[in-house]
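K.L.:
Below is the sequence, then the predicted model.
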Amino acid sequence: MPAVTAWHEVADRIWVRRYDPFDVNVTVVAGTHGVLLVDTRTSLHEAAEVRRHLAELPVTAPTAVALTHAHLDHSLGAGAFPGLPLYASRGCRETLTRHGVAERERWLSWLDEEHHAHLRASPIPVPDHLVEARHRIDLGDRDVDLLLLGHGHTDHDLVLHVPDAAAVLAGDLVEVGAPPAFEDAFPFEWPATLARLEALEAEVVVPGHGAPTSQALLSIRRQQHAHLAALCREALGGVRSAASVLVMSPFPEDTTRVALDRAAATTGRRAPDA
Ligand SMILES: [Zn+2]
């Protein structure tokens with residue numbers, strides 16, 4: 001179980017709650033005239049639990065929902081909040097529209113059978129408020145900036161910045177307690193995207209999974225991603241073996257294998273044999 005199973009106010013009127021499966025974070029940002037819910041868990045059933053938990057907070061019901069990215073552990077519960085504006089990047093909507101149904105089938109194999117009916121009963125969300133590069137949501141006495149800072153964990157990661165609280169919601173550009181997930185990632189671009197995230201100078205960083213953290217972790221992650229990108233570049237350039245990348249990578253071997261494949265795929269080259 002996640003270490004935190006209740007709402008945790010990580011900054012002024014920003015609450016985070018960690019949920020299994022996947023130790024995924026759901027965040028609430030409240031202002032005087034609006035309440036934004038960020039990410040929705042993996043099914044309508046799980047999102048219904050979030051709805052019940054929202055009643056524990058000293059705020060009104062959500063007035064808008066935002067998705068950090070299309071991966072179903074963040075997005076598939078969105079249908080539990082009908083009628084609310086649903087913010088996401090354009091790429092997030094394209095990914096959900098193109099691949100959502102197939103992904104939902106694929107995810108069944110990663111979850112216990114008790115979750116299968118819940119997943120199948122959850123419609124693929126269709127975000128109706130699309131962010132192209134940046135968008136500001138006015139919550140009354142505070143703003144939330146929705147930012148696309150570049151490719152990283154996916155090609156459409158949305159970062160939410162709450163300037164008055166010096167807080168960022170990083171989605172899966174940053175994970176805590178688990179290595180980064182490279183299945184849909186851009187290993188060569190991820191470090192620069194993290195540098196842009198760091199430049200926001202947030203004091204509180206809410207990762208997509210795991211415990212909320214601080215700016216210090218962004219710097220560590222950026223350096224780790226940059227190190228791995230350099231190793232991948234050398235391997236694809238034929239001056240380093242894939243086996244040595246696995247040894248020298250700052251991330252676990254399985255993670256690094258996926259990163260190498262993605263490094264090759266995103267540059268149009270064949271990954272060296274590991
Ligand atoms: Zn993800």
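P.N.:
Arrived safely, thanks for sending.

K.L.:
Secondary structure element for Ala170, which one?
P.N.:
When elements are assigned from DSSP states H and E, Ala170 belongs to strand 167-175.

K.L.:
nope, Leu218 is what I meant
P.N.:
helix 215-236.

K.L.:
now for that helix, which elements pack on it?
P.N.:
strand 167-175, helix 190-198, strand 204-209, helix 242-248, helix 253-265 (3 or more C-beta pairs under 8 Å, 6 or more residues apart in numbering; DSSP states H and E). The C-beta positions use only the backbone N, C-alpha and C, and glycine is treated the same way.

K.L.:
That one versus helix 253-265: what angle between them?
P.N.:
When axes from the mean of the first three to the mean of the last three C-alpha atoms, to 10 degrees is applied, the directions of helix 215-236 and helix 253-265 differ by 60 degrees.

K.L.:
what is the orientation angle of helix 215-236 with strand 204-209?
P.N.:
Using the same axes, to 10 degrees: helix 215-236 against strand 204-209 is 50 degrees.

K.L.:
okay, and for the stretch 151-274 of the chain, where does confidence drop off?
P.N.:
Counting by pLDDT under 70, the stretch 151-274 of the chain has low-confidence residues at 274.

K.L.:
In it, what residue lies closest to the ion?
P.N.:
Asp172 (3.6 Å; C-beta to the ion).

K.L.:
residues in contact with the closest residue to that residue other than its chain neighbours?
P.N.:
Of all residues not flanking Asp172 in the chain, Gly208 sits nearest, at 3.6 Å (C-beta to C-beta, 6 or more residues apart in numbering). Taking C-beta atoms under 8 Å, 6 or more residues apart in numbering, we find Gly208 in contact with 24-25, 39, 68-69, 74, 153, 170-175.

K.L.:
how about the residues of the stretch 51-200 of the chain near the ion?
P.N.:
Proximity of the stretch 51-200 of the chain to the ion, by C-beta under 5 Å from the ion, involves residues 71, 172.

K.L.:
Give me the buried positions along the helix holding Leu218.
P.N.:
Going by neighbour count (16 or more other C-beta atoms under 10 Å), the buried part of helix 215-236 is 215, 217-218, 221-222, 224-226, 228-229, 231-232, 234-236.

K.L.:
Nearest to Arg18 among those residues?
P.N.:
Nearest to Arg18 among the buried residues of helix 215-236: Leu217, at 16.1 Å, using C-beta to C-beta.

K.L.:
Is that closest one in contact with Val176, as I believe?
P.N.:
Yes - judged on C-beta atoms under 8 Å, Leu217 makes contact with Val176 at a distance of 7.1 Å.

K.L.:
any shared contact partners between these two?
P.N.:
Pro207.

K.L.:
List the residues that contact the residue nearest to Leu218 when sequence neighbours are not counted.
P.N.:
Nearest residue to Leu218, sequence neighbours excluded (C-beta to C-beta, 6+ apart): Glu198, at 4.6 Å. For Glu198, the contact set (C-beta under 8 Å, 6+ apart) comprises 215, 218-219, 222.
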